[in-house]
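Peer 1: Got a sequence here, can you build the structure:
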Amino acid sequence: MALFSRRPAATPAETPEGASDDAAAVADPGLSADTAAVSSTPDSVDDEPDFDAVVGISMSSFQGLGAPAPAANAVSEEGADGTDAPPRPGLQDNGPLVTALAKLPERPEPAELLQVARQLLQGHLFLRVKGDAKRMLAEGENIPLAITTIGEKQYVLVYSGVAALRASLAADGATDTSAMAQPAQAVLRFLLSGTYAGLIVDPASAPARAMLSRELIAQMMEQADPDFSIKKLLSARRTESTPDDVVAAIPSSRLWIAVNKPDGSDQVGVAEARTADGDRLIEVFTHPIEIAALGRGDRPAPVTGAQLGAALRADPGLAGILIDPAGPWIRLDRDDLAPLMVEAPGDGD
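Peer 2: Sure, this is the predicted structure:
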């Protein structure tokens, strides 16, 4: 069988910064902690394509989670006329996460909540801190983070942006509170390093809130690329160098393709996106949860940069690849991917 078989696939949203819909349930701090069990990937496939086997997935103190991050007073984000002031530099919302949360109904289904979970793997999160986070960071003090207890379980509270922080402050009337932005991956690692039962995103912003269990977060992090190189590039502001930067990161990144058996066929096919003008693009994913989020029943299979290059050399009809179709996404054409298409000694198609 050819390395990449053709099969129809959905095209992405029009904007590379867009997010789609699907993750775990939420409750108010003080409501029940019941959450729907959500698998971060589909089951493994029965038949494998010509490459490697398909994968299955079935107040706390700290001294900072990563690189120094901006801190700002969370209670003074209102203009003199009472209107919302624009976010300060360094306090931009996590746009894809805000979008995913905004789509949640009052009682979200697991498939809807899956979208929130996948957007937690990129960008940054805001944390509420008792006191002046900027001063405490500068002085190397332990930082008291906001947590909530439900039953006997503790959950870390995180926020997608300034509006969610304001809603939380309005709900509890806290004063002397500041906010700190940290890389989302660092927050998740911090959570898993302790005994927390999970996290609650935007707790005072119902229905745009979500509770994610420790088990789901552990599954997500286990399958994630250790450096999150491509996810960081896709969630950051796009520049002229972004395509080249993404291509340069492909050889050292963990990537997947979506595989399935088309109706009436015993052959395993690989998902392609088709553009309006007929271009064929291999769909490539930065995490198995991105495949599950599309809701097509596809299964993840690992793929390397060398295999992608070999597929492009073997099939001139392929126009390129589409990474993370559910968004934030990027299209890379054959010219962009030229470095991957150089056949190294010993490579085979």
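
Peer 1: Any regions of this protein where pLDDT drops low?
Peer 2: Low-confidence segments of the chain (pLDDT under 70): 1-91, 344-349.

Peer 1: Pull the distance from whatever helix or strand residue 115 lives in to the chain's centre.
Peer 2: Assigning secondary structure by DSSP states H and E places residue 115 in helix 110-119. Relative to its chain's centre, helix 110-119 lies at 9 Å (CA atoms, centre = their mean, to the nearest Å).

Peer 1: Could you do stretch 188-205 as well?
Peer 2: That offset, for stretch 188-205, works out to 15 Å (CA atoms, centre = their mean).

Peer 1: For the stretch 201-349 of the chain, which segments are assigned as strands?
Peer 2: 210-213, 255-260, 269-270, 272-274, 280-285, 299-303, 318-323, 330-333 (DSSP state E, counting those that start in this stretch).

Peer 1: ditto for the stretch 51-200 of the chain
Peer 2: Along the stretch 51-200 of the chain, the segments classed as strands by DSSP E, counting those that start in this stretch run 60-62, 71-73, 124-130, 143-145, 147-150, 153-158, 177-183, 198-201.

Peer 1: what helices or strands is the fourth one leaning on?
Peer 2: Right, the one you point to is strand 143-145. Under the contact criterion of 3 or more CB pairs under 8 Å, 6 or more residues apart in numbering; DSSP states H and E, strand 143-145 touches strand 60-62, strand 124-130, helix 133-138. Heads up, the C-betas are built off the backbone N, CA and C, glycines and all.

Peer 1: could you redo the last one with a cut-off of 7 Å?
Peer 2: strand 60-62, strand 124-130 (3 or more CB pairs under 7 Å, 6 or more residues apart in numbering; DSSP states H and E).

Peer 1: Check the last one too.
Peer 2: Contact partners of strand 198-201 among helices and strands, from 3+ CB pairs under 7 Å, 6+ apart: strand 153-158, strand 210-213.

Peer 1: Please dump the ones you listed into JSON lines; it should also carry distance to residue 281 for every row.
Peer 2: Below are the helices and strands packed on strand 198-201 laid out as JSON lines (distance: least, CB to CB, whole Å):
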{"stretch": "strand 153-158", "distance to residue 281": "34"}
{"stretch": "strand 210-213", "distance to residue 281": "31"}
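
Peer 1: Just say which of those strands is most tucked in.
Peer 2: Among those, strand 210-213 has the highest mean neighbour count (mean count of other CB atoms under 10 Å), at a mean of 27.

Peer 1: Name every strand pairing with that one and say which way it goes.
Peer 2: strand 198-201 (antiparallel) (DSSP bridges).

Peer 1: Give me the contacts around the partner strand.
Peer 2: With CB atoms under 7 Å, 6 or more residues apart in numbering as the test, strand 198-201 has contacts from 26, 29, 101, 116, 148, 155-158, 160, 191, 209-214, 217.

Peer 1: Next one: residue 285 relative to residue 314, how far apart?
Peer 2: 21 Å (CB to CB, to the nearest Å).

Peer 1: In terms of neighbours, single out the busier of those two.
Peer 2: residue 285 (28 against 13; other CB atoms under 10 Å).

Peer 1: For the spatially closest residue to the more buried one that is not a sequence neighbour, give me its contacts.
Peer 2: Leaving aside its sequence neighbours, residue 285 sits nearest to residue 256 (CB to CB, 6 or more residues apart in numbering; 4.5 Å). Residues in contact with residue 256 (CB under 7 Å, 6+ apart) are 285, 288, 291, 300-303.

Peer 1: what do you get for residue 298?
Peer 2: Under the criterion of CB under 7 Å, 6+ apart, the contact list for residue 298 reads 42, 258-260, 271, 291.

Peer 1: of all these, which two lie farthest apart?
Peer 2: Within the contacts of residue 298, 42 and 271 form the most distant pair, 12.2 Å apart (CB to CB).

Peer 1: between those two, who's got more neighbours?
Peer 2: Legend: neighbour count by other CB under 10 Å for residue 42 and residue 271, higher for residue 271 (26 against 23).
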